[in-house]
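Peer 1: next comes the sequence, and after it the predicted model I'd like to discuss.
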Amino acid sequence: MGQFSFKSSGVTAQTSPANNITQTPPVIGILTPLSLGTSDLLRTSSDLATQMADNLRNLIQTNWGERLGKYDYGANLRPLLVNMVALDDFDSKAITAIKNAVARWMPYVELVDFLSTTDTAGKLTKGIAQVSITITYNIPSLGVKDKKIRVTLYAL
């Protein structure tokens, strides 16, 4: 048998470099619109509430036929915007479309309040009318209460 010294067997736990590593929170998803991130290639979220807000905004802005493989994904508000001038009940139809889309694709979101404003005479950057929709929502499973999201749509 040979002789072995324990002093040369390795580093003790108190001086181990592995104890000095800071843990970063896990990436949950990529935020939209796509842009370059600071630590990752793209801007990402590590918070479920932030990712759910981004997913809800995308659901509201998506029209049927725009999501590959899921034709009926989205709130499908474009047909309402095309006929917005002729519709007296734009708000009620938009609320119904958003409520149906959320119930089907994001059932864990509770819609609380809906507010829309229309601008047809202002200095518009594109289109003939601008509709801003502000939605207040809750996500009980995450403890999110009275969070607001604003979506701007243009009638072309």
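Peer 2: Cool, got the structure. Please read these numbers as outputs of a predicted model, since none were measured by experiment. Residues are numbered from 1 along each chain as shown.
Peer 1: how about the strands in this structure?
Peer 2: With DSSP state E as the criterion, the chain has strands at 29-30, 44-45, 110-119, 129-139, 144-155.
Peer 1: closest one to residue 62 among these?
Peer 2: Of all these, it is strand 144-155 that lies closest to residue 62, at 10.7 Å by CB to CB. Every residue, glycine included, has its C-beta placed from N, CA and C.
Peer 1: got the buried residues for that closest one?
Peer 2: Within strand 144-155, the residues that count as buried by 16 or more other CB atoms under 10 Å are 144, 147, 151, 153, 155.
Peer 1: and what of stretch 89-104?
Peer 2: 90, 91, 93, 94, 95, 97, 98, 101, 102.
Peer 1: elements contacting the helix or strand bottoming out on mean pLDDT in the chain?
Peer 2: Taking mean pLDDT, DSSP states H and E as the measure, the chain has helix 78-82 as its least confident helix or strand, at a mean of 87. Judged by 3 or more CB pairs under 8 Å, 6 or more residues apart in numbering; DSSP states H and E, the packing partners of helix 78-82 are helix 90-105, strand 144-155.
Peer 1: between those, which one is nearest to residue 42?
Peer 2: Nearest to residue 42, of the helices and strands packed on helix 78-82 and by CB to CB, is strand 144-155 at 20.9 Å.
Peer 1: got the angle between the closest one and strand 129-139?
Peer 2: With axes from the mean of the first three to the mean of the last three CA atoms, to 10 degrees as the basis, strand 144-155 and strand 129-139 are set at 160 degrees to each other.
Peer 1: sheet partners, orientation included, of strand 144-155?
Peer 2: For strand 144-155, the paired strands and their directions (DSSP bridges) are strand 129-139 (antiparallel).
Peer 1: just for this protein, where's the confidence low?
Peer 2: 1-2, 4-20, 84-87, 121-127 (pLDDT under 70).
Peer 1: swap in 80 and give it another go.
Peer 2: Regions of the chain meeting the criterion pLDDT under 80 cover residues 1-24, 83-88, 120-128, 156.
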